[in-house]
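**Student:** Give me the fold of what follows.
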Amino acid sequence: MGYIKLTTEIPGPKSREVLARHERFVARALALGFPAAISRAKGALLTDVDGNQFIDLAGGVGVLNVGHSDPEVVGAAREQLERFVHTDYTVAPYALYSELAERLARLVPGGEKAAFFNAGAEAVENAIKMARAYTGRKAVISFEGGFHGRTWMALALTSKTSPYKQGFLPLAGEVYRVPYAYPYRPPVRLEDGQSFGEASAELLEKTFSNYVASDDVAALIVEPVLGEGGFVVPPNDYLPALKRKCEERGIVFIADEVQTGFGRTGKMFAVEHSGVEPDLVILAKSLAAGFPLSAVVGRAEVVDAPRVAALGGTYPGNPVALASAMAVLDKLEDGELLHRSQEIGSDIRERFSSLAERVNLIGDVRGLGSMVAVEFVRDRESKAPAKGEVGEILKLAAERGVLVLSAGVEANCIRFLAPLVITDEQLEEALDVLEGCVREVAATRETSPAGALADPT
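**Tutor:** Modelled structure (predicted):
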């Protein structure tokens with residue numbers, strides 16, 4: 001192994017001390033998915049408190065497209081730290097806020113104005129405020145499998161019940177959910193001459209006739225590629241069909257690019273693949289490479305709809321985070337990392353498509369750019385989700401030096417969010433480990449008397 005260096009068992013003794021302290025003093029709901037405590041990170045590599053080195057295919061859940069501890073980003077943050085850390089922009093403004101707003105408005109399809117917040121969920125909620133203020137309507141449409149955060153309104157928009165929504169009812173009201181265009185698990189049968197994207201978009205009509213009148217709907221919020229829902233890539237005509245329906249009815253079209261943005265799909269923003277210009281675009285995660293920063297960017301008349309002083313907060317648009325975001329955009333603007341995203345995704349899809357020919361656990365391999373997922377099923381005929389097997393694969397991978405995440409409403413997918421600076425050698429080494437874990441779990445499943453592993457959760 002060239003980059004993975006394991007000097008202790010996983011978790012090592014120092015990590016076990018950290019994990020024990022977590023168990024004793026940290027809220028139980030903050031469940032840990034990785035059995036090691038990290039002390040340093042660089043590029044696509046993580047080092048734990050015991051000196052073990054791992055390859056990171058999770059990227060802080062898509063936050064670190066430009067890599068851990070990028071020198072230019074760290075340098076920009078350090079320079080701003082030495083000037084000032086905080087004033088609250090609306091109390092004592094600074095140039096960085098409007099400079100980044102202008103830069104994003106020129107980058108985002110359909111962008112004209114921007115507002116900054118702290119986290120993706122906060123930007124989601126403020127986008128809904130803008131849409132309601134602009135239309136004077138109340139209802140919002142989201143999608144099955146969609147994830148938009150865990151704060152109150154965002155949680156209502158999020159699809160997955162456990163562990164996110166269970167026990168927290170009632171949530172914010174007037175949210176209506178529509179099936180997503182999921183090619184591997186199609187929600188609709190095609191009629192003659194109809195494309196899958198158009199047929200899936202047509203499901204909106206059932207919602208308008210059966211559940212909520214279209215002239216009561218303020219906004220439709222959609223991920224151009226489902227994130228937490230399993231990296232589902234819809235057909236290219238799906239988003240344009242949804243946008244047309246919104247335009248016909250005066251509904252604000254919101255694209256949630258929190259996980260898809262900043263090169264993850266091989267373009268700066270995922271909506272560019274379909275040519276759609278949303279009314280509002282929600283950004284976060286890799287916008288500032290780990291510093292808390294999110295944004296809503298869109299048409300001026302929608303962004304400006306809330307009355308003066310209706311939006312804001314103490315920390316949104318923190319100057320250190322803004323400086324980091326400017327450095328992130330500097331690194332992305334020449335297109336090299338976008339090209340690298342395509343190369344990474346091609347390598348992952350090729351590896352797992354080949355493995356699928358020999359491992360029946362793999363039902364689907366899909367993705368755009370480096371936003372790739374592998375969906376695992378108990379058998380390909382029923383497509384029954386193989387959640388337990390995915391849990392065992394992730395556990396083995398962590399013990400062997402690779403951090404990777406699950407996805408999907410049933411947690412039966414493995415998703416890849418590697419930093420775009422990962423080298424060919426690092427990626428190949430990580431995929432070798434992961435392929436070995438998949439093969440081992442598949443072999444165990446085939447020889448198990450029950451025919452499948454128990455669900456570790």
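
**Student:** make it CA atoms for all contacts and neighbour counts henceforth
**Tutor:** Noted.

**Student:** which residue ends up closest to the midpoint of the protein in space?
**Tutor:** Q259 (3.0 Å; CA atoms, centre = their mean).

**Student:** For the residue nearest to that residue when sequence neighbours are not counted, which residues are in contact?
**Tutor:** Nearest non-adjacent residue to Q259, counting by CA to CA, 6 or more residues apart in numbering: G62, 6.0 Å away. Contacts for G62 (CA atoms under 8 Å, 6 or more residues apart in numbering) come out as 259, 264, 285-286, 417-419.

**Student:** tell me the pLDDT at the residue nearest to the centre of the chain?
**Tutor:** We have a pLDDT of 98 for Q259.

**Student:** which residues does A139 contact?
**Tutor:** Counted by CA under 8 Å, 6+ apart, A139 has contacts 174-176, 212, 216-219.

**Student:** Could you rerun that using 10 Å?
**Tutor:** By CA atoms under 10 Å, 6 or more residues apart in numbering, the contact list for A139 reads 128, 131-132, 173-176, 212-220, 251.

**Student:** Tell me which of these fall in helices.
**Tutor:** 128, 131-132 (DSSP state H).

**Student:** Can you lay out those residues as a markdown table showing neighbour count?
**Tutor:** Below are the ones in helices among the contacts of A139 laid out as a markdown table (neighbours: other CA atoms under 10 Å):
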| residue | neighbour count |
| --- | --- |
| I128 | 23 |
| A131 | 29 |
| R132 | 22 |
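
**Student:** can you map out the helices along the stretch 301-450 of the chain?
**Tutor:** 319-332, 336-356, 387-399, 424-447 (DSSP state H, counting those that start in this stretch).

**Student:** Enumerate the positions of the second one that are buried.
**Tutor:** Right, helix 336-356. Within helix 336-356, the residues that qualify as buried are 337-349, 351-353, 355-356, counting by 16 or more other CA atoms under 10 Å.

**Student:** With the longest one instead?
**Tutor:** Neighbour-count burial for helix 424-447, counted by 16+ other CA under 10 Å, picks out 426-431, 433-435, 437-439, 441-442, 445.

**Student:** show me where the stretch 201-350 of the chain has strands.
**Tutor:** In the stretch 201-350 of the chain, the segments counted as strands under DSSP state E, counting those that start in this stretch are 217-222, 252-256, 280-283, 294-298.

**Student:** I'd like the mean pLDDT over the first one, please.
**Tutor:** For strand 217-222, the per-residue pLDDT values average out at 98.

**Student:** Neighbouring strands - and their directions - for that strand?
**Tutor:** strand 139-143 (parallel), strand 252-256 (parallel) (DSSP bridges).

**Student:** got those as JSON lines, with distance to F376 columns?
**Tutor:** As requested, the strands paired with strand 217-222 are exported to JSON lines (distance: least, CA to CA, whole Å):
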{"stretch": "strand 139-143", "distance to F376": "22"}
{"stretch": "strand 252-256", "distance to F376": "26"}
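
**Student:** Mind putting the helices of the stretch 301-450 of the chain into JSON lines with mean pLDDT and distance to V365?
**Tutor:** Formatted as JSON lines, the helices of the stretch 301-450 of the chain follow (pLDDT from 0 to 100; distance: least, CA to CA, whole Å):
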{"stretch": "helix 319-332", "mean pLDDT": "98", "distance to V365": "27"}
{"stretch": "helix 336-356", "mean pLDDT": "98", "distance to V365": "6"}
{"stretch": "helix 387-399", "mean pLDDT": "97", "distance to V365": "14"}
{"stretch": "helix 424-447", "mean pLDDT": "94", "distance to V365": "14"}
